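> Pasted the sequence and its predicted model underneath.
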Amino acid sequence: QQKVQQSPESLIVPEGGMASLNCTSSDRNVDYFWWYRQHSGKSPKMLMSIFSNGEKEEGRFTVHLNKASLHTSLHIRDSQPSDSALYLCAARPSNTNKVVFGTGTRLQVLP
Amino acid sequence: GGIITQTPKFLIGQEGQKLTLKCQQNFNHDTMYWYRQDSGKGLRLIYYSITENDLQKGDLSEGYDASREKKSSFSLTVTSAQKNEMAVFLCASSMGTGGALEQYFGPGTRLTVL
């Protein structure tokens, strides 16, 4: 079965710092990746999606994708305490609607 | 905009009991999902459905049944609740059956088994 591995499991960064989160899929058919953010007690909400090799930037958030290694990373610059949340990576093979999530990275931004 | 509603918000059951969770969406989305989330961990896919009356198993389907009675609703049944089980069940939906389509999540049903 497809696995989505995320690292690190938890991350603490100071306010204003850079947070870097990683995600790798075990399924070579994966074509689409998403990053979701889930604040405590809330439901996940999509941050960004990526399906082409390279980089995509939206404000303080940058996502990278290397399709050859099935690896994506999320970078948050100028981290804010409000960024403290569980970050979930999701992946979907091109021939199915089966979206599988990773185990998550818990980010804490200290004021 | 649209909304996903899940009922009930809290569900307390007894060991061995059959329990049903319901999900409704008014986005007119084709695909719906059920995920289980244990204590702030990642999401595990239980079932998904790409259209009315369609059912596809996820990695955690054992011990669960699902039903897509109509396009807007998707139900999940815990066939025999396990003692001390605690989890949040999240329903999600997305438009269509391809592409980098965003999933929208409901508020969740929190299950406790005594």
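Okay, I see it.
> how many neighbours does the closest residue to B:Q6 other than its chain neighbours have?
Of all residues not flanking B:Q6 in the chain, B:G106 sits nearest, at 4.1 Å (CB to CB, 6 or more residues apart in numbering or on different chains). From N, CA and C alone the C-beta is placed, and that goes for glycine too. By other CB atoms under 10 Å in any protein chain shown, 21 other residues sit near B:G106.
> which residues sit in contact with B:G106?
Each residue near B:G106 by CB atoms under 8 Å, 6 or more residues apart in numbering or on different chains is listed here: A:S43, B:I4, B:T5, B:Q6, B:C23, B:Q25, B:L90, B:C91, B:A92.
> So which of these are in helices?
Residues of the contacts of B:G106 located in helices (DSSP state H): none.
> of these, closest to A:T72?
Nearest to A:T72 among the contacts of B:G106 is B:A92, at 19.9 Å by CB to CB.
> and chain B, which residues reach chain A?
Listed as neighbours of chain A in chain B under the rule CB under 8 Å from any CB of the partner chain: B:31, B:33, B:35, B:40-45, B:48, B:50, B:56, B:58-59, B:90, B:94, B:97-100, B:102-103, B:105-108.
> Which of those fall in strands?
B:T31, B:Y33, B:Y35, B:L43, B:R44, B:L45, B:Y48, B:Q56, B:L90, B:S94, B:F105 (DSSP state E).
> Tell me which two of those sit farthest apart.
B:Q56 and B:F105, at 18.4 Å, using CB to CB across those.
> out of those two, which sits in the more crowded spot?
Counted by other CB under 10 Å, B:Q56 and B:F105 do not tie: B:F105 has more neighbours, with 21 against 16.
> tell me the contacts of that one?
Counting by CB under 8 Å, 6+ apart, B:F105 makes contact with A:S43, A:P44, A:K45, B:I4, B:L90, B:C91, B:A92.
> and the gap between the first one and A:V63?
Taken as CB to CB, to the nearest Å, the spacing of A:S43 relative to A:V63 amounts to 21 Å.
> Of the two, give the one with the bigger neighbour count.
More crowded of A:S43 and A:V63, by other CB under 10 Å: A:V63, with 23 against 19.
> low-confidence ranges in the chain?
Unless you meant another one, I'm taking chain A. In the predicted model, chain A carries no residue with pLDDT under 70.
> hmm, I had chain B in mind actually
Along chain B, segments meeting pLDDT under 70 span B:96-100.
> I appreciate the help and will end here.
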